[in-house]
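Chemist: Provided below for reference: sequence and predicted model.
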Amino acid sequence: MDRSGEGVERALARSRLAAAELDRRRREAPAPGDLFVCRATRDFPVEWLVVERDRRRPERLLVLLADASPILGSGDLAVPATAGSGRLSLRCRFGAWIAAGDLDPELRSGVVGADVVARALHRHRELNQEPIDHQTSEHGADREYQDWVEEIVAPAHAALTAAMDGHATAAAVVASGERSEARLPPPPRSWLYPLAAAILLLIAIGAGAALLWQRRELGRLVQESQLLRGALRHKEAGARAARAEAERYRGEIERTAATRRGDQQRIAALGREADTSGQSPGLLTNLPFLLLQPRETERGTPIAIPRPARSPYLLLLIELATDPGPPYRLEISHQGQPGGVWKIGGLERTGPSELTVAVPSRWLQPGDYGLRLYARDSTTPFREYTLAVRPD
């Protein structure tokens, strides 16, 4: 037999043992460890676990609310699926004293072990010692847990408490003589009475089974609702991420458009400079040029040139010596002006082993300049050059 078959057999065996134990205890009085479905809370998917008997008034029992929802808070206790009752969640904050006579033996729904009862009672007593504002609330609890408490647990606890208060008031009225009941003569013995008792017993068993089915079904629906809420939150988070990504792309598009407008303005300015020089539009003549070779670390002085005041550009021919592969990036810094760096990217070879860059003359103020050449996305320059500009 495979493992899944063995698991099924073990589950069936536990179920048969639990059913036998439950059937045996149906004929016994309610005791700690018994689970009941109360008529006062039959509209809610909850049960009540007996955890303690009043020592002074043995007819009074302390019960704690139990349900099948897997969501737990700090005041709750989980009962594993291997227990006789199956998987349950004990809400130890929500307890009530109930008369043993108000628990119908035919509505006994399960049994839990003494260790579970002891832990639940201990937790309930601990919670009763907390401040009042912590006894009925879960600060910082999950929203789904708060919804379950507000919609199911708290209303069911209130319904049972109200029912027990009503029974106590009725008992007090009878005890004080404010209400009396007429004594009816004993009914005649007849075969009809055993038949009626049997019918009532069948009705009670059917009602208990229906209540158990309703509790299980409502628990299943609650779990499905929790899954749907989680999926909805996941979709909302995805939509927020998509909106943030769209905003980021929009910002990049706007920055690219601004850069393009700046380039267009610079091209227009160059055209105006060419028009004022008296030559045909688009033609640049008499450009001074300078051949730059890689700087030697041990010797050599920077190449010095006069500031090209009469030409709009200075044409730099930059010798590579070695070619690590395009594209290249050039940085030009003025040593007398910290932080003033011009960056030129996307450079390609314009000859066998050189690059060509036209630098606007208005950028070249007198002083020493350092040029660093980078290959692709490297952060370390593979060639460095120097240039000195003298006053006019």
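Modeler: Great, that's in hand.
Chemist: which strands or helices does the longest helix seen in the chain pack on?
Modeler: Under DSSP state H, the helix in the chain containing the largest number of residues is helix 192-276. Helices and strands touching helix 192-276, by 3 or more CB pairs under 8 Å, 6 or more residues apart in numbering; DSSP states H and E, are helix 143-148. Where you see a C-beta, it was placed from the backbone N, CA and C, and this is true even at glycine.
Chemist: so how far is the helix it packs on from its chain's centroid?
Modeler: Put simply, helix 143-148 sits 15 Å off its chain's centre (CA atoms, centre = their mean, to the nearest Å).
Chemist: that helix: which residues count as buried?
Modeler: By neighbour count on 16 or more other CB atoms under 10 Å, the buried set for helix 143-148 is 144-145, 148.
Chemist: need those in TSV with distance to Ala162 and pLDDT, can you?
Modeler: Converted to TSV, these look like this (distance: CB to CB, whole Å; pLDDT from 0 to 100):
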residue	distance to Ala162	pLDDT
Glu144	27	90
Tyr145	24	93
Trp148	21	94
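Chemist: pick the one among these closest to Gly86.
Modeler: Among the buried residues of helix 143-148, Trp148 lies closest to Gly86 (CB to CB), at 18.4 Å.
Chemist: in contact with the nearest residue to Thr386 once chain neighbours are set aside, which residues?
Modeler: Sequence neighbours aside, Pro302 is the residue nearest to Thr386 in space, at 3.8 Å (criterion: CB to CB, 6 or more residues apart in numbering). Residues near Pro302 by CB atoms under 8 Å, 6 or more residues apart in numbering: 368-369, 386-388.
Chemist: thinking again about what came up before, whichever helix or strand comes after the longest helix of the chain pairs with which strands?
Modeler: As assigned by DSSP states H and E, the chain's next helix or strand after helix 192-276 is strand 289-292. Neighbouring strands of strand 289-292 in its sheet, by DSSP bridges, are strand 313-319 (parallel).
Chemist: alpha carbons of the helix or strand just after the partner strand, as CSV, please.
Modeler: Under the assignment DSSP H and E, the closest C-terminal helix or strand after strand 313-319 is strand 328-334. Coordinates of each C-alpha in strand 328-334 appear next as CSV, following Å, rounded to 0.1, in the frame of the first residue of the first chain:
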residue,chain,number,x,y,z
TYR,A,328,34.0,55.2,-26.6
ARG,A,329,33.3,57.8,-24.0
LEU,A,330,35.5,61.0,-23.4
GLU,A,331,35.6,63.1,-20.3
ILE,A,332,37.3,66.6,-20.4
SER,A,333,38.0,68.4,-17.1
HIS,A,334,39.5,71.8,-16.5
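Chemist: give me the sheet partners of strand 328-334 and which way each runs.
Modeler: Neighbouring strands of strand 328-334 in its sheet, by DSSP bridges, are strand 341-347 (antiparallel), strand 367-375 (antiparallel).
Chemist: show the average pLDDT along it.
Modeler: In this model, strand 328-334 carries a mean pLDDT of 87.
Chemist: could you check how far it is from the centre of its chain?
Modeler: Worked out by CA atoms, centre = their mean, strand 328-334 lies 47 Å from the chain centre.
Chemist: change the start of the numbering to 54 and stick with it
Modeler: With the count now opening at 54, the last piece we talked about shows up as strand 381-387.
Chemist: ranges for the helices of the stretch 54-203 of the chain?
Modeler: 56-78, 167-181, 185-188, 196-201 (DSSP state H, counting those that start in this stretch).
Chemist: ok, of those helices, where does mean pLDDT dip lowest?
Modeler: Among the helices of the stretch 54-203 of the chain, helix 185-188 scores lowest, at a mean of 47.
Chemist: and of the buried residues of helix 196-201, the nearest to Glu401?
Modeler: Glu197 (60.5 Å).
Chemist: tell me the buried residues in stretch 170-182?
Modeler: In stretch 170-182, counting by 16+ other CB under 10 Å, buried: 170, 172-174, 176-177, 180.
Chemist: so can I have JSON lines of those residues showing distance to Leu141?
Modeler: Listed next are the buried residues of stretch 170-182 as JSON lines, based on distance: CB to CB, whole Å:
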{"residue": "Val170", "distance to Leu141": "12"}
{"residue": "Arg172", "distance to Leu141": "13"}
{"residue": "Ala173", "distance to Leu141": "10"}
{"residue": "Leu174", "distance to Leu141": "15"}
{"residue": "Arg176", "distance to Leu141": "14"}
{"residue": "His177", "distance to Leu141": "15"}
{"residue": "Leu180", "distance to Leu141": "18"}
